[in-house]
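A.B. asks: A structural model of the following input is requested.
(one chain, ligands or ions: 1)
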Amino acid sequence: MKALDSKLPAVGTTIFTVMSALAEKHRAVNLSQGFPNFQPPSGLVELVERHLRGGRFHQYAPMPGSVSLRAAIAEKLAQLYRVSADPDTEITVTSGATEAIFDAIQAVVRRDDEVVVLDPCYDSYEPSITLAGGRAVHVPLAPPEFAIEWDRLHAALGPRTRLVIVNTPHNPAGTVIEKRDLDRLADLLRPLDCYLLSDEVYEHVVFDGRAHATALAHAELRRRCFAVFSFGKTYHATGWKLGYCVAPPELTAELRRVHQYVTFASTSPLQAALADYMREHPEHHLGLPAFYEERRDYFNRLLAATKLTIRPSAGTYFQLADYGAISDLPDVDFARWLTIEHGVAVIPISVFYREPPAAKLVRFCFAKEDATLAEAARRLSAL
Ligand SMILES: Cc1ncc(COP(=O)(O)O)c(C=O)c1O
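C.D. replies: Residues are numbered from 1 along each chain as shown. All right, here's what the predicted structure looks like:
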């Protein structure tokens, strides 16, 4: 047999896995990969336990997701965003937002279609586009503002554009899209026969009194939009890999055609527990902005005693910082050096770009307990 000709030759082990392994090897404080080191709400864990022991949820969940979970999602969308979504035809539960992103891309992107992504961007987008036979067109968001440059986005759009992917709140930049940005996006997309994938996994992590501007609440964008969300981010349970996609019936039908043969259905007892918990404890997601804002402010106060320059985060549990006053190393080398020599693991932002800008920025995850953040800051203060 001939040597295997990879369908994803540019893909290696992700930087998140590399940095976490390096952190473990060198006993570094790991602020690289984006996951909390605190527990999910105890009431939620008890519900999982109860549903596991109850014996009713050991077999396949319904393909689109449990009926009660989809109903709870619809209720939340109505209450929080005044968005109406039909649980039967518009909401699909997936194995993490990553699966929803993959399914949406496979559902609409064909060979040689173009998909516009805004760099820096989440690393699953491009391989999913490549596997669908499409081509990613990268439009950079330039530091320090990381604002959408509308002229550049406009220039990247054309008759071959099949999909545009946006992410708000934004990983890793910590920026958020506002209602007026959605209006401009709608203006640009209006003449085109293309879809929108809105990655909103950090919907509840917005700071300083801001409200999350979901694309679902924009009447015009709603008609062409797959919006994806993550229970992992919202309930401090990234390891559960549960998320969902909200899209109009025609798009949902296509997405489910893919979902049905990727995973068929997602974990049943977890869906049952989340459905109960969402209904009984809306205060959990409503309290997340304040909860994470306190984490952000605490971490920023600690970083103020270091030579790092903070880029204010408006959303997500990530914080960018400029290390120019500490080192001239390129960001990947700096991140390795910091991990190995000083015991703090971070993510270099260049890995989120096709053509990285000449910036000295690294990403910290502050979804960590006080003691973890304080220990990281103690080590960073020595630089
Ligand atoms: C921007 C963004 N999109 C999607 C995901 C994936 O979410 P999930 O863990 O639910 O698959 C992540 C996870 O880090 C993310 O940061």
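
A.B. asks: residues contacting the closest residue to the ligand within the chain?
C.D. replies: Relative to the ligand, the nearest point of the chain is residue 96 (2.7 Å; CB to the nearest ligand atom). No exception for glycine: its C-beta is placed from N, CA and C like everyone else's. Residue 96 makes contacts with 230, 232, 241, 242, 243, as judged by CB atoms under 8 Å, 6 or more residues apart in numbering.

A.B. asks: from those, which two are the most distant?
C.D. replies: Within these, two members stand farthest from each other by CB to CB: 230 and 241, at 8.9 Å.

A.B. asks: which parts of the protein are helices?
C.D. replies: Taking DSSP state H as the test, the helices found in the chain are 15-25, 42-54, 67-81, 96-108, 125-131, 150-156, 179-189, 219-222, 231-234, 249-262, 268-280, 282-303, 331-342, 370-381.

A.B. asks: need those helices in TSV with distance to residue 207, can you?
C.D. replies: As requested, these are exported to TSV (distance: least, CB to CB, whole Å):
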stretch	distance to residue 207
helix 15-25	23
helix 42-54	24
helix 67-81	17
helix 96-108	21
helix 125-131	25
helix 150-156	24
helix 179-189	17
helix 219-222	24
helix 231-234	15
helix 249-262	31
helix 268-280	23
helix 282-303	5
helix 331-342	25
helix 370-381	16
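
A.B. asks: contacts for stretch 6-23?
C.D. replies: Stretch 6-23 is touched from outside by 28-30, 32-34, 123, 127, 130-131, 335-336, 339-340, 345-348, 351, with contacts defined as CB under 8 Å, 6+ apart.

A.B. asks: one more time with 7 Å
C.D. replies: Under the contact criterion CB atoms under 7 Å, 6 or more residues apart in numbering, stretch 6-23 has outside partners 30, 32-33, 123, 127, 130-131, 335-336, 339, 345, 347, 351.

A.B. asks: tell me which two in these are the farthest apart.
C.D. replies: The widest separation within the contacts of stretch 6-23, taken as CB to CB, falls between 131 and 339 and amounts to 31.3 Å.

A.B. asks: more neighbours: which of these two?
C.D. replies: Using other CB atoms under 10 Å, the more surrounded residue of residue 131 and residue 339 is residue 339, with 25 against 14.

A.B. asks: isn't the more buried one up against residue 345?
C.D. replies: Yes. Between residue 339 and residue 345 there is a contact under CB atoms under 7 Å: 4.4 Å.
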